[in-house]
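A.B. asks: What shape does this take:
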Amino acid sequence: MKHLKTIIVFLILFIIIILGLILFLLSSTKKNNEVKLEEAFTQANQMKEISKLEDYFYVKNCMDKYKMYSLDLYYLLKSENSNAINGADEYRQELIGIIPDFVKSSLGINSNNAYELAGLPDKQLRIDNIYKSMQTVNKVAYENETEIYAYVVESTLIDNSTYEKEKNTTILITDLNTLTFCIIPQSYITKNNLNLNEEDALKIYQDKTIPKNNYNGFNYNVSYKQEDVAKEYLERMKFNLRYDVEGAFDSLDEEYRKARFDNDIDLFREYIKNNGTKLLKATAKKYQLTEADNYNQYVVIDQNGKEYIFRETELMKYNIILDTYSIDLPEFLEKYNSGNEKSKVAMNISKFIEAINEKDYKYAYSKLADGFKQNYFKTEESFETYVKNNFFEDSELVSGSFSNQATTYIYKITIKDKETEELQEQNFIMQLGEGTDFEMSFEIKPGEE
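C.D. replies: A predicted model of the protein is given here:
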């Protein structure tokens, strides 16, 4: 009996020890899981530059709506029509409808001061950088893969008259469950000294959802493609040509900028002056996408057949080449080096005509044979005058016949005016040099000297 009691005591102690170990292990596992969850929680909140097409276009569409609401109210308040001003409630509600309650409370926003405290100014807006952060409300929300995200949108605002630039930062919050968004304006960011550096954690939206109203919806179900990127790059280029010449100049490919404009922005301004009308009317009709080692290359072709080349290193980060003759592109070299003399002469004539279309008389003049210059065009200015009087303003090569006398090549080509479709024939005479170099002349018809 005594031994039995001893055994029972030992069993009870053993069970207590086992239970203690189990509780310890469970507690330790729980703590480890909490630490891991907290680490994941913090990592999810880190701001990272976007890399997906849909992120860019969702942000752009929401920012466009924010700007539209701001300007609707701005122009109404600016109006001298008292009846219109008195009836501005709908426009006030547009802007207020995309501002979250905690921002309204912090800034004291109401229907009378909404534009002043939260609206965008009447200026052009260009999105420069976008950073994304998951807004995890709590650990349970994180485990359930919350669909609320914050986008830090760094933009440039450009005055419509003076073209003066200023930086703007806006935080856009989206809820993919309700397909709604809200805006945290620059004024709130400034007042609260928010730290918005990349890789920092951003925890700014604590609600579990963004309540839907008549003004804060956005379309998530649109499928964006590479074609949309090509069109967007062309539109951004046109924006910079019109409103930010320095930005447009800086975005040019470095080798191209040196070859075409000698790194001189005044020469670039002259180029815009000569070609601005065509450039600003450009509409993307076709595009080609190829992958290189360090970039993706978009070739956008407009309604006139002009090519614009965008070398993309990251989404919305690219360098631009505005023609195909100033530098020898890899695809040109591959085709040129594998072609026969007829092909090479045709490609060089195409360069010459493209330069004339671009009003790049310096390049075209540099390709004329010295003897031909001496006889007909002693100066670049005289050549420019001749071209303006005898070539179409915007030409297209149609067809031709090729012949040669030893190493002198003759190409009789039909040229078409892209606007009027008028035709003219021209004889080009060419000698090929080392690599892709060449010199040429063309027929001067009676009465054209």
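A.B. asks: hey, let's count contacts and neighbours off CA atoms from now on
C.D. replies: OK.
A.B. asks: Identify all contacting residues around the helix or strand where residue 260 lies.
C.D. replies: Remark: residue 260 resides in helix 254-261, with elements defined by DSSP states H and E. The contact list for helix 254-261 (CA atoms under 8 Å, 6 or more residues apart in numbering) reads 249, 263, 267, 268, 321, 326, 327.
A.B. asks: following the lowest-mean-pLDDT helix or strand in the chain, which helix or strand shows up next?
C.D. replies: For the chain, counting by mean pLDDT, DSSP states H and E, helix 139-143 ranks last in confidence among helices and strands (a mean of 47). For helix 139-143, the following helix or strand on the C-terminal side (DSSP H and E) is strand 148-158.
A.B. asks: elements contacting that following strand?
C.D. replies: strand 124-134, strand 165-175 (3 or more CA pairs under 8 Å, 6 or more residues apart in numbering; DSSP states H and E).
A.B. asks: Partner strands of the last one, with direction?
C.D. replies: In this case it means strand 165-175. The strands beside strand 165-175 in its sheet (DSSP bridges) come out as strand 148-158 (antiparallel), strand 180-184 (antiparallel).
A.B. asks: Show me the contact partners of it.
C.D. replies: Contacts of strand 165-175 (CA under 8 Å, 6+ apart): 59, 62, 147-159, 180-186, 189, 205, 209-210.
A.B. asks: what does the average pLDDT come to for that strand?
C.D. replies: Regarding strand 165-175, the rounded mean pLDDT is 96.
A.B. asks: And it, how far out from the chain middle?
C.D. replies: Chain-centre distance of strand 165-175: 16 Å, with CA atoms, centre = their mean, to the nearest Å.
A.B. asks: Same check on the first one?
C.D. replies: In terms of CA atoms, centre = their mean, the centre of strand 124-134 is set 11 Å apart from its chain centre.
A.B. asks: So what angle separates the directions of it and strand 148-158?
C.D. replies: Strand 124-134 and strand 148-158 are oriented at 160 degrees to each other (axes from the mean of the first three to the mean of the last three CA atoms, to 10 degrees).
A.B. asks: Which elements pack onto strand 124-134?
C.D. replies: helix 2-45, strand 48-49, strand 148-158.
A.B. asks: To residue 350, which of the helices and strands packed on strand 148-158 lies closest?
C.D. replies: strand 124-134 (35.4 Å; CA to CA).
A.B. asks: Enumerate the positions of the closest one that are buried.
C.D. replies: Neighbour-count burial for strand 124-134 flags 124, 125, 126, 127, 129, 130, 131, 132, 133, 134 (criterion: 16 or more other CA atoms under 10 Å).
A.B. asks: ok so, going back, and the helices and strands packed on strand 148-158: which comes nearest residue 222?
C.D. replies: strand 165-175 (15.4 Å).
A.B. asks: ok, for the spatially most central residue of the chain, nearest residue in space, not its chain neighbours?
C.D. replies: The centre of the chain sits closest to residue 316, judged by CA atoms, centre = their mean, with a distance of 3.9 Å. Nearest residue to residue 316, sequence neighbours excluded (CA to CA, 6 or more residues apart in numbering): residue 233, at 7.6 Å.
A.B. asks: one step back: now, of the strands paired with strand 165-175, which is deepest in the fold?
C.D. replies: strand 180-184 (a mean of 25; mean count of other CA atoms under 10 Å).
A.B. asks: List of residues touching it?
C.D. replies: Outside strand 180-184, the residues touching it (CA under 8 Å, 6+ apart) are 62, 66, 97-100, 103, 170-175, 210-212, 216-218.
A.B. asks: Over to stretch 118-125?
C.D. replies: 66-67, 70-71, 74, 95, 109, 155-160, 185-187.
A.B. asks: now stretch 106-115
C.D. replies: 70, 73-74, 89, 92-93, 95-96, 103-104, 117-118, 188.
A.B. asks: Most widely separated two among those?
C.D. replies: 89 and 188 (23.2 Å).
A.B. asks: Give me the more crowded residue out of those two.
C.D. replies: residue 188 (18 against 13; other CA atoms under 10 Å).
A.B. asks: helices or strands up against the helix or strand where the more buried one lies?
C.D. replies: Using DSSP H and E, residue 188 sits in helix 186-191. Applying 3+ CA pairs under 8 Å, 6+ apart, one finds that helix 186-191 makes contact with helix 101-107, helix 114-118, strand 165-175.
A.B. asks: Quick one: distance of the helix or strand just after it to the chain centre.
C.D. replies: As assigned by DSSP H and E, the chain's next helix or strand after helix 186-191 is helix 226-243. From the chain centre to the centre of helix 226-243 is a distance of 6 Å (CA atoms, centre = their mean).
A.B. asks: relative orientation of helix 226-243 and strand 124-134 in degrees?
C.D. replies: Using the same axes, to 10 degrees: helix 226-243 against strand 124-134 is 140 degrees.
A.B. asks: between the helices and strands packed on strand 148-158, which one is nearest to residue 240?
C.D. replies: Nearest of the helices and strands packed on strand 148-158 to residue 240, taken as CA to CA: strand 124-134 at 8.9 Å.
A.B. asks: Indicate each strand paired with that closest one and its parallel or antiparallel sense.
C.D. replies: strand 48-49 (antiparallel), strand 148-158 (antiparallel).
A.B. asks: export it as PDB, just CAs?
C.D. replies: C-alpha atoms of strand 124-134 as PDB (Å, rounded to 0.1, in the frame of the first residue of the first chain):
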ATOM      1  CA  GLN A 124      -0.200  70.500 -64.700                       C
ATOM      2  CA  LEU A 125       0.600  67.400 -62.800                       C
ATOM      3  CA  ARG A 126       3.200  64.700 -63.700                       C
ATOM      4  CA  ILE A 127       3.600  61.600 -61.600                       C
ATOM      5  CA  ASP A 128       7.300  61.000 -60.900                       C
ATOM      6  CA  ASN A 129       7.500  58.200 -58.400                       C
ATOM      7  CA  ILE A 130       5.100  55.800 -56.700                       C
ATOM      8  CA  TYR A 131       5.800  53.700 -53.600                       C
ATOM      9  CA  LYS A 132       3.400  51.100 -52.200                       C
ATOM     10  CA  SER A 133       2.700  49.900 -48.600                       C
ATOM     11  CA  MET A 134       0.200  47.400 -47.300                       C
END
